[in-house]
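>>> sequence and predicted structure are below.
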Amino acid sequence: MDEQDPKDSILSAALGHVPFEGWSAITLKAAIAESGVAEGLAHALFPRGAVDLAMAYHRRGDAQMVEELAKADLSAMRFRDRIAHAVRLRLELAGDKELVRRGTTFFSLPTHAVEGTKAIWGTADAIWRALGDTSDDVNWYTKRATLSGVYGATVLFWLGDDSPGHENTWDFLDRRIEDVMRIETAKAKFRDNAFVKAVNPLRIFAGIRSPRKPSDLPGGFHSPQPPTDGM
């Protein structure tokens, strides 16, 4: 059996302490001691302490979700159902709600809010990539921003849901996705309008492109290149 990665060893050891001490320096210290990882190496792996520990837990969940989605046959599902399945899978893989609840509290602090935003954006990006999204324009951003809102709201509902099998959460998720689909339908009708096609008010977004390398938050704006001869 391969030796466990030291970062994973520390994270695994931390999970038993988080429900009592939260994502904190106390948890990290206890996890380092239990894992047997050298303290110097541990601090190199988690240079920002508890923030890096909490982000490692979140990213582990994202990676597990992507792995499970790759194994699943989603071909018979409508696309909206694939998204719902991915969000549901991500929450089910989280395991102990208290770990997520502690993380939500941690990332709600002003000093950690940016990292919390990155975490949710990263989950939305992971879902879209796993489902085969190839958008490279402003849609890259709008898809992830919309799904981030759906995911964030669903997490908060899920944390307070005590219905059997979290049925109320999955109903809530379906309603949020239905709201998004209505918006997308309205956007499509707007784009197909003859007047809109003629005036093309969306041309101001023509230079927006997705980041060339995967990142936690939106990338940049690239000025449109002038057309070459023959185009």
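Thanks, I have the structure now. Numbering: from 1, shown residues only.
>>> give me the contacts around stretch 4-24.
26-28, 30-32, 34-37, 41-42, 45-46, 50-51, 53-54, 56-57, 60, 96, 98-99, 102-103, 105-106 (CB atoms under 8 Å, 6 or more residues apart in numbering). C-beta: built from backbone N, CA, C; applies to glycine.
>>> check stretch 113-120 too.
Here stretch 113-120 has contacts from 51, 54-55, 58-59, 106-108, 148, 151-152, 216-217, using CB under 8 Å, 6+ apart.
>>> farthest-apart pair in those residues, please.
V51 and Y151 (20.2 Å; CB to CB).
>>> just the CA atoms of stretch 50-69, as PDB, please.
Extracted in PDB, the C-alpha atoms of stretch 50-69 (Å, rounded to 0.1, in the frame of the first residue of the first chain):
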ATOM      1  CA  ALA A  50      -6.200  27.100   9.200                       C
ATOM      2  CA  VAL A  51      -7.200  28.800   5.900                       C
ATOM      3  CA  ASP A  52      -5.100  26.400   3.900                       C
ATOM      4  CA  LEU A  53      -6.400  23.400   5.900                       C
ATOM      5  CA  ALA A  54     -10.000  24.400   5.300                       C
ATOM      6  CA  MET A  55      -9.400  25.000   1.600                       C
ATOM      7  CA  ALA A  56      -7.700  21.600   1.300                       C
ATOM      8  CA  TYR A  57     -10.800  19.900   2.700                       C
ATOM      9  CA  HIS A  58     -13.000  21.800   0.200                       C
ATOM     10  CA  ARG A  59     -10.800  20.900  -2.700                       C
ATOM     11  CA  ARG A  60     -10.600  17.300  -1.700                       C
ATOM     12  CA  GLY A  61     -14.400  17.200  -1.900                       C
ATOM     13  CA  ASP A  62     -14.300  18.800  -5.400                       C
ATOM     14  CA  ALA A  63     -11.800  16.200  -6.500                       C
ATOM     15  CA  GLN A  64     -13.900  13.400  -5.200                       C
ATOM     16  CA  MET A  65     -17.000  14.800  -7.000                       C
ATOM     17  CA  VAL A  66     -15.100  15.000 -10.300                       C
ATOM     18  CA  GLU A  67     -13.900  11.500  -9.900                       C
ATOM     19  CA  GLU A  68     -17.400  10.200  -9.300                       C
ATOM     20  CA  LEU A  69     -18.900  12.200 -12.200                       C
END
